[in-house]
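Engineer: structure for this input, please:
(chains A and B)
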Amino acid sequence: MKRTSALRSRLVVGSVLWAVGLIAVSNVVILGLVLHRYPGWTVHLGAMSVAGIGLLVAGLVQLRSILAPFRQLQSRLSSVRDGREQRIEGAYPTEVGPLVDDLNALLDHRARLVERAISRAGDLAHGLKTPLAVLGQEAERLTAAGQYEPAAIIGAQVERMRRQIDYHLAQARAAASGATLGASCAVLASAEGLSRTLERLYVERGVSIRYDVPRAHCVRVQREDLDEMLGNLLDNACKWARSRVSMESGDLAGRTTILVDDDGPGLPVELRERVLQRGVRADEAAPGSGFGLAIVRDLAELHEGSISLEASPLGGVRARLVLPSCTSASTS
Amino acid sequence: MRVLVVEDEALLSRQLATALGEAGYAVDCAEDGEKADFMGQTEGYDAVVLDLGLPKIDGLTLLRRWREQGLSVPVVVLTARGAWHEKVQGIDGGADDYVSKPFRMEELLARLRALIRRSGGQANPLLRSGALSLDPRSARVTKDGVPVKLTGHEFRVLSYLMHQQGRVVSQSELTEHIYAQDFDRDSNTVEVFVARLRRKLGASCIETVRGLGYRMEGSS
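Structural biologist: Numbers count the residues shown, from 1 in each chain, chains lettered A, B, ... in the order given. Next comes the predicted model:
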């Protein structure tokens, strides 16, 4: 942490300047009453009063400068809260410096706590999934043995638990990362990784993903959360697409809009709002958890963004994800 | 076709081995990363089912190590970690497919089949050679549309040869891909299986390339 001159010395200098100025001005007033009959002195009195007023102003400026570090601290703190910065930066006087150091230590401690909480939530979720997989396989084995009723009950409960775990894990992660300060992620980085991954996962279906995302576009969201939102949207698009999925982004007035399109059968208007709700999916027979879009919606809202579905120019569904931007120079 | 299952949860590992065995694969199991590393490097597998959270060496490290060493065996990652950033890591680490737990065995088998077929350069899910066709999905073989009954080992020999259509497969390679590790191997038995297959499917279906091995003609 850089230090500027101490507040104490500023206070002393300011007070001395103010006191000397005050003495000068009061002398001018007193001497003026006595000497006003001798015109030779007025020049001296004039010069003295100018100097006195000058000293008063200088003293005042010096004293006011004591408050400047506090104003700076306040504005830095609010940019940390808004997520523009992760720590409090800048040069502070020796008396304020320790306070800033303590604040930064507190921010670091908080970040570590959040990280640990996410990792614990993850451990819990993952720890439950392997036993669930075992149970699921037992259910399949029961089906094969002709014991349909217990198999169906176990199977359905396993699926329910899996959905609950996925949903609440995403929620926990999002709630925690919403609390993580200063997050930012380039849309392109996420788009590249996900396209690579999904093209591999959908290689049998032969779906191609085209993306048009300028390098500069960046959103105020953690990489993991952006991956989760775009991953679910792209996965959904790939599931329904005949052969083409496309993705593009636009940046306007502090908001980044990401469009994900597919050339699939599309979705009736009356279902568009419903599939974004928790636990509803357009077609129960479709593969996937059905919580995907609800997770996207929750994550988007936690980050003060939004998600909506509309008709795509490609013929299928267009998902419109809007998130707060951290693109420095807004371009479209 | 021979598959390595790497999973530290014993119950799940056994369930996987049973299901894969029933689907016609020879299956070996490893319960930690170190053992999996050794088995993957020394044995010839046609596919690996890999858990990521493993003792000793974690799955992702193991996968990256294999890929760095040029081991190109198809790998399906089977993991509890199902978040998208984790899937991206898995695929970028060299996985060919990614299945999250809990899973449907049917789906895992379908993905494994597709992977093995693609790694053998076969685009069509139904493998054909002359009048023969083999459907890896149902583990059924037909000749001129009539189903042929085969034993597990016979099916594995035929399946491997058909996946490698047009290429000469040596006897030792064939042995490596049809038996699980703990199975008592005897290369003579490959000859026995080939002879039985010829009896059931017609003498000309499998060609012997003297001194090199066996070959099946591709569908043309």
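Engineer: what's the distance between the closest residue to chain A within chain B and A:Leu31?
Structural biologist: Chain A sits closest to B:Trp84 of chain B, with a gap of 2.9 Å, by C-beta to the nearest C-beta. C-betas here are computed from N, CA, C, even on glycine. For B:Trp84, the distance to A:Leu31 equals 82 Å [C-beta to C-beta, to the nearest Å].
Engineer: where along chain B do the strands fall?
Structural biologist: B:2-6, B:26-30, B:47-50, B:75-79, B:97-100, B:127-129, B:132-135, B:140-143, B:146-148, B:207-209, B:213-215 (DSSP state E).
Engineer: turn those into TSV, including mean pLDDT, distance to chain A and mean neighbour count.
Structural biologist: Converted to TSV, the strands of chain B look like this (pLDDT from 0 to 100; distance: least, C-beta to the nearest C-beta, whole Å; neighbours: other C-beta atoms under 10 Å in any protein chain shown):
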stretch	mean pLDDT	distance to chain A	mean neighbour count
strand B:2-6	94	13	25
strand B:26-30	93	15	23
strand B:47-50	95	12	26
strand B:75-79	94	8	26
strand B:97-100	93	6	21
strand B:127-129	81	16	20
strand B:132-135	84	16	18
strand B:140-143	85	18	17
strand B:146-148	86	21	11
strand B:207-209	86	31	12
strand B:213-215	88	28	19
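Engineer: the residue of chain B closest to chain A contacts A:Leu194, doesn't it?
Structural biologist: Yes. Applying C-beta atoms under 8 Å, one finds B:Trp84 in contact with A:Leu194, separated by 6.6 Å.
Engineer: identify the contacts common to the two.
Structural biologist: When C-beta atoms under 8 Å, 6 or more residues apart in numbering or on different chains defines a contact, the residues bordering B:Trp84 and A:Leu194 alike are A:Asp227, A:Leu230, A:Gly231.
Engineer: of these, buried ones?
Structural biologist: Among the shared contacts of B:Trp84 and A:Leu194, those classed as buried by 16 or more other C-beta atoms under 10 Å in any protein chain shown are A:Asp227, A:Leu230, A:Gly231.
Engineer: quick check, the last one in contact with B:Lys87.
Structural biologist: This means A:Gly231. Yes. If you go by C-beta under 8 Å, A:Gly231 and B:Lys87 touch, sitting 7.1 Å apart.
Engineer: intersection of neighbour lists for these two?
Structural biologist: Counting by C-beta under 8 Å, 6+ apart, the contacts common to A:Gly231 and B:Lys87 are A:Thr197.
Engineer: domain assignment for the chain?
Structural biologist: As the question left the chain open, I've gone with chain A. Listed domain ranges for chain A are A:3-96, A:109-179, A:185-324 (source: automatic domain parsing).
Engineer: correction: the question concerned chain B.
Structural biologist: Using automatic domain parsing, the domain parsing of chain B gives B:2-119, B:127-215.
Engineer: hmm, back to that, CSV for the domains of chain A, including distance to B:Leu132 and mean pLDDT?
Structural biologist: Output for the domains of chain A, formatted as CSV (distance: least, C-beta to C-beta, whole Å; pLDDT from 0 to 100):
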stretch, distance to B:Leu132, mean pLDDT
domain A:3-96, 64, 84
domain A:109-179, 29, 85
domain A:185-324, 24, 86
